[in-house]
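J.: one predicted model, sequence on top.
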Amino acid sequence: MIVKFDLGSFRSTKRSEYATRFVFGGAVTVLAGVIADKFGPRIGGLFLAFPAIFPATASLVAKHQREKKQRAGVHGEQRGRLAAGVDASGTAIGCLGLIGFAVTAWKLLPHVPLWDSLALATGIWAILVVSVWFICRRLL
Amino acid sequence: MISELLLRFVIGGIVVSMFAMLGSALKPKSFAGLIGAAPSVALATLSLTVLKRGKPYAAVEAQSMILGALAFMIYAWLVCRLLMRKRYPVLRTTSFALIVWLVCALGLKLILFG
């Protein structure tokens, strides 16, 4: 299957769902900062990869799939759960990219300007996740 | 202090929302799921940390983040298995499994860094 970008999803997402993501994202960023201040960078760093936004995102994926199936006259509970499961499988692959990001940032930050380090780390993340996803699609 | 927390909240909220919007627009679902592990919180936090505490401190955070990401991978794999094979509700499954992330992350930290 070819990867697609569906602009219609922006219209089908409610304002409250955007607000939920904003609030969760903001709260986790504050939490990571407060934990680093209290317990030091070793513990604080762990929370840079805390999946706090994931439960909200997975629930929205399941809800959208369930509503889509219900509009078609089918009980969509099971399909919603499976869609969230497939989303989680992609996220597990995405974690390889997150590790790549962290290793790059760890090695580059002390020697390279901040924005260059973060841009390179993000580039490594993107290349890794897309490559591994395509490899998994071929093998599985 | 309050203004710094507010700045963190706004920057974190914006970065996470942008990645979430990107993820919701991508298909198929397994590809969109990749964005679920985007470095959104890390981008917001590391940039603010460098400005406040300097690069060596942020580098230590990034090194610890490797363990957090490993724990995230275990968490996502477990959630995937539970949702595909059992009939547990999505929000309850994904929320309770956060305990697994915490145990794995702190356990790895204790083993590797003491």
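T.: That came through fine.
J.: so who does residue 52 touch?
T.: By default, I'm working from chain A. Residue A:52 makes contacts with A:24, A:27-28, A:31, B:41, B:98, as judged by C-beta atoms under 8 Å, 6 or more residues apart in numbering or on different chains. C-beta here means a position set from N, CA and C on the backbone, and glycine is covered the same way.
J.: let's do chain B instead
T.: For residue B:52, the set of contacting residues under the criterion of C-beta under 8 Å, 6+ apart consists of residue B:4.
J.: buried stuff in whichever strand or helix holds it?
T.: Residue B:52 is part of helix B:40-53, with elements assigned from DSSP states H and E. By neighbour count on 16 or more other C-beta atoms under 10 Å in any protein chain shown, the buried set for helix B:40-53 is B:40-50.
J.: stretch B:98-113 now?
T.: Residues B:98, B:101, B:104-105, B:108-109 are the ones in stretch B:98-113 that count as buried (16+ other C-beta under 10 Å).
J.: what sits against residue 35?
T.: No chain in the question, so chain A it is. Shown in contact with residue A:35 (C-beta under 8 Å, 6+ apart): A:43-44, A:47.
J.: that's the other chain; I wanted chain B
T.: In this structure, residue B:35 makes contact with A:94, B:19-20, B:22-23, B:26, judged by C-beta under 8 Å, 6+ apart.
J.: which one of those is nearest to residue A:53?
T.: When those are compared for distance to residue A:53 (C-beta to C-beta), residue B:20 comes out closest, at 6.9 Å.
J.: for the lengthiest helix in chain B, packing partners?
T.: When chain B is parsed with DSSP state H, its longest helix is helix B:55-85. In terms of contacts (3 or more C-beta pairs under 8 Å, 6 or more residues apart in numbering or on different chains; DSSP states H and E), helix B:55-85 is packed against helix A:41-46, helix A:53-71, helix A:77-108, helix B:40-53, helix B:90-96, helix B:98-113.
J.: try it again at 10 Å.
T.: Based on contacts counted as 3 or more C-beta pairs under 10 Å, 6 or more residues apart in numbering or on different chains; DSSP states H and E, the elements that helix B:55-85 packs against are helix A:15-39, helix A:41-46, helix A:53-71, helix A:77-108, helix A:114-139, helix B:40-53, helix B:90-96, helix B:98-113.
J.: now those helices in TSV, with distance to residue B:69?
T.: Written out in TSV, the entries for the helices and strands packed on helix B:55-85 read as follows (distance: least, C-beta to C-beta, whole Å):
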stretch	distance to residue B:69
helix A:15-39	13
helix A:41-46	9
helix A:53-71	13
helix A:77-108	4
helix A:114-139	10
helix B:40-53	9
helix B:90-96	17
helix B:98-113	9
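J.: ok, which of those helices comes nearest residue B:67?
T.: Distances from residue B:67 to each of those were compared by C-beta to C-beta, and the smallest falls on helix B:98-113, at 4.3 Å.
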